[in-house]
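# let's see this in three dimensions:
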Amino acid sequence: MKKIISDIHNGIQNSRKTIEFLTKNSSWTWVANYPIAIVNEINRVTDEESLKNLENVNFFNEEGFSKNSYTQKEINHLVENIPTSIKTAYCLCLKKKHNGDYNFKEKFTHDRWKKVTDEDNFEALVELSKFTDVDSSTVIETELRDIMRSRKEIPSLKVIGFVWIVTVPKTTNIVNILEHYFLDNHIYVEQGRKITYIAWGDRLADINMRYFVNTP
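Model prediction:
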C-alpha cells in the first residue's frame with residue numbers, strides 16, 4: 001500500500017486530474033468510475049423511467065434477471081443513461097490492465113444487486129469525498145461510514161486495500177476521524193484554502209467500524 005499511497009500523493013500534488021496523472025506516471029493500472037454493482041432483478045427497479053429504459057435495451061432475461069457480464073460500451077450506456085441501475089467506485093487500482101468484460105454475481109437469487117468479481121486483479125479501492133465549511137464532523141463521518149459499509153458488502157472489495165481521499169477547508173479538523181478509523185495511516189496535501197487528506201487501510205475488511213467518533 002505504501003507505493004500506492006505515494007503515487008496518489010504525487011498525483012494530488014502535481015495535477016488537478018489525479019487519475020490521468022496516475023495513468024501516465026504509475027506502474028499500476030487505474031480505472032476511474034469502476035462498476036462495482038449492477039441491478040439484479042426487475043422487481044427491484046421501482047423507478048418507472050429507469051425500468052422503461054432498461055427494458056428498451058433488453059436488460060433483463062425472460063425470468064426477470066440481469067446477465068452476469070457486461071462490455072465497456074454497455075457499462076458506459078448504463079452510467080450515462082440509467083444511473084440508478086449501477087454503482088461505481090471513484091477509482092480501482094489494478095495489478096494489470098483491465099481486459100475483457102466486467103463480471104458480476106449475486107449472493108442470493110433475489111438480491112437487489114449483483115456485485116463485481118475479478119478480485120485476482122484488484123489491488124486497492126479508492127473513494128473520493130469533498131466537503132465545505134457547512135459540513136459538520138458528523139456529516140463527514142457518516143459519509144465515510146456509508147462508503148465503507150456499502151463497499152464491505154462486496155466480497156471482492158472488502159479483502160483489498162482501501163483509500164479515502166477527502167478534501168475539506170483548512171478550518172475543518174477531521175484528524176480525530178482519520179485516527180479513529182485509519183490510526184496513523186493518513187497524510188495530507190495543502191492546496192490554498194483547502195486541505196486534502198489521504199487515508200488508507202491495508203484491507204477494507206479490517207477497518208473497525210464498531211464505534212463512532214460522533215455518537216449518532
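
# beta-bridge partners for the residue nearest the centre of the chain, please?
Centroid-nearest residue in the chain, with C-alpha atoms, centre = their mean: A89, separated by 2.7 Å. Per DSSP bridges, the residues bridged to A89 are Y34.

# contacting residues for it?
Applying C-beta atoms under 8 Å, 6 or more residues apart in numbering, we find A89 in contact with N33, Y34, I36, L125, V126, E127, R151, L157. Quick note: C-beta positions are derived from backbone N, CA and C, even for glycine.

# dump those residues into TSV; add neighbour count and secondary structure as well.
Formatted as TSV, the contacts of A89 follow (neighbours: other C-beta atoms under 10 Å; DSSP: H, G, I helix; E, B strand; the rest coil):
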residue	neighbour count	secondary structure
N33	15	strand
Y34	22	strand
I36	22	strand
L125	25	strand
V126	25	strand
E127	18	strand
R151	20	helix
L157	25	helix
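
# tell me the one of those residues nearest D101?
Closest approach to D101 among the contacts of A89 (C-beta to C-beta): Y34, at 13.2 Å.

# what's the residue lying farthest from the centre of the chain sitting at in phi/psi?
In the chain, the greatest distance from the average C-alpha position (C-alpha atoms, centre = their mean) is reached by E62, at 31.4 Å. With angles defined as degrees, to the nearest 10, E62 sits at phi -60, psi -30.

# the closest residue to K107 other than its chain neighbours is in what secondary structure piece?
Distances taken as C-beta to C-beta, 6 or more residues apart in numbering put K115 closest to K107, at 7.5 Å, once the chain neighbours are dropped. Here K115 sits within strand 113-116, counting by DSSP states H and E.

# alright, that wraps it up for me.
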